[in-house]
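# this one's sequence-less:
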């Protein structure tokens, strides 16, 4: 007798059909609202969030054909604390979404030149 009561408890619905429909509608609206919010935040409102990336809408491409719905953050350049800058050497590091991806040491020579005329071509070519 007890076994039959347990089976009935698992198979008998506790909610009526109208309660199930209301719950289903709430879940649907919650998922739709969450999708719209994530699209607005991660994809600039021009695409759908799928797992951890944006699927851009057809109108979310710039004139070069690149997707503009989720612009990538620009890398940040800064002086490298590992290499001491001098009068001829500057060391730059760049950071992206990931940790530091590289260091570039650039050697440069300062040129001082008196400009007689502004049409001097050497001034613009760097020679």
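All right, it came through fine. Predicted, not measured: the structure shown is a model, and the values here were computed from it.
# for residue 86, helix, strand, or coil?
Using DSSP: H, G, I helix; E, B strand; the rest coil, the secondary structure recorded for residue 86 is coil.
# I meant residue 36, not that one.
helix.
# Begin at 4, not 1, for the rest of this chat.
Okay, residue one is now 4; in that scheme the one you just asked about reads as residue 39.
# Could you report the neighbour count for it?
A count of nearby residues for residue 39, using other C-beta atoms under 10 Å, gives 13. All C-beta atoms are positioned from the backbone trio N, CA, C, and that covers glycine.
# Repeat that for residue 34.
Neighbour number of residue 34 under other C-beta under 10 Å is 10.
# try residue 83
Per other C-beta under 10 Å, the neighbour tally for residue 83 reads 17.
# Tell me if I'm right that it and residue 92 touch.
No - applying C-beta atoms under 8 Å as the test, residue 83 and residue 92 come out as separate, 10.5 Å apart.
# in this structure, what spans have low per-residue confidence?
4-29, 31-33, 40-45, 55, 73-79, 97-130 (pLDDT under 70).
# and the end-to-end length of stretch 38-56?
Counting by C-alpha to C-alpha, to the nearest Å, you get 13 Å between the two ends of stretch 38-56.
# Could you report the distance from residue 90 to residue 65?
Applying C-beta to C-beta, to the nearest Å, the value for residue 90 to residue 65 is 42 Å.
# got a list of what residue 59 touches?
46, 49-50, 70-73 (C-beta atoms under 8 Å, 6 or more residues apart in numbering).
# Just the buried ones among those, please.
Neighbour counting with 16 or more other C-beta atoms under 10 Å marks 46, 49-50, 70, 72-73 as buried within the contacts of residue 59.
# In CSV: those residues, plus secondary structure.
Below are the buried ones among the contacts of residue 59 laid out as CSV (three-state DSSP):
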residue, secondary structure
46, coil
49, coil
50, strand
70, strand
72, coil
73, coil
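# Sounds good, over and out.
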